[in-house]
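Undergrad: next come a sequence and a model predicted from it.
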Amino acid sequence: MAQKSPYVQQEPSFGLGAIQIAVSSMDDADGDTYFEEADKNEKSGDLDDALTFFGKAAFEYNSSGNFPRYGASLLRLSNIHFLQEHYTEAEQVILNVALKTYSRLGNRSGQMASYSQLGKIYLAANKLTQSLWFYSQQGILARQTNNNSSYIDSILGIVQVKIKKKEFSMAIKDINRAELFAKNTKNNQFKGQIKQARNTIAEKRTGTY
C-alpha cells in the first residue's frame, strides 16, 4: 500500500509571528539538511528514505515560513511518489498543497512546475484528458511570463499525450512547432526529447514499438 506523508497534510500558514521568525533560521537549517539527505537518497535509489526526508524538509520549511523551499520540497516529494507509481499520492501533494502554496505566493515558476508535474502524473496514470489540460495550462502561463523553456516543455508534454492517443499527425505538428520555437529562441536543451519523440512516433507507426 502506498503511504501518505504526514508532513504535507496541512495548509501552509502564511502568518509570521515573532516566535516563528526567531526559530526560522534553525528550521531552515534543519530543512536544508533533510533536503540534502533526501536528494542523496533519491540519487542512490533509496526512494522510501527520500520520501521521508523530503517530507521532513517540507515540514521544517513550512514551520519557518520559507514557502518557496516548502514548495520545492513538495514537488520533489510528489516526484518520489511518482517514481514509486503512487499516482494518487503524487497528485494530491501537488493539487492540495504545492499548487495552492505557489498560487498564494504568486510564484509563477512554481505554478508552471506544478502544472507540468500534474501533466506527467496524469499521463502515467492514463488520464489523458486531465494530462492535456494541465500541460495546456503550463503553456498558457509560460507564454504569459515569456518562459520559453517551460513553453517548449508544455508542448512536448502535449506531444506525449497525443502519442498515447495515437494522434501521430497532430503530435508531429506539435513537435515541429516546438522545434521551430526552440530554434528561434536558441534553446538547445530539448534536442534529445524532440528526437526521442520523433523516434517513438516512427516506431509506433511501423508497429515495432
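TA: That came through fine.
Undergrad: distance of residue 199 relative to residue 51?
TA: Distance of residue 199 to residue 51, given as CB to CB, to the nearest Å: 33 Å. C-beta here means a position set from N, CA and C on the backbone, and glycine is covered the same way.
Undergrad: between the two, which is the more surrounded one?
TA: Of the pair residue 199 and residue 51, residue 51 is the one with more neighbours under other CB atoms under 10 Å, namely 26 against 11.
Undergrad: could you find the closest non-adjacent residue to the more buried one?
TA: Take residue 51 and drop its neighbours on the chain: the residue closest to it by CB to CB, 6 or more residues apart in numbering is residue 80, 4.7 Å away.
Undergrad: could you do residue 109 as well?
TA: Going by CB to CB, 6+ apart, residue 109 has residue 147 as its nearest residue, at 7.4 Å.
Undergrad: so who does the one you found touch?
TA: 108-109, 112, 141 (CB atoms under 8 Å, 6 or more residues apart in numbering).
Undergrad: which single one of those is nearest to residue 175?
TA: residue 112 (20.5 Å; CB to CB).
Undergrad: neighbouring contacts of the helix or strand encompassing that closest one?
TA: Element membership for residue 112 (DSSP states H and E) is helix 108-124. Identification of contacts with helix 108-124 by CB under 8 Å, 6+ apart yields 68, 71-72, 75, 78-79, 82, 85, 87, 90-91, 94-95, 98-99, 101-103, 128, 130-132, 134-135, 137-138, 141-142, 144-145, 147, 150, 153-154, 157, 160-161, 164.
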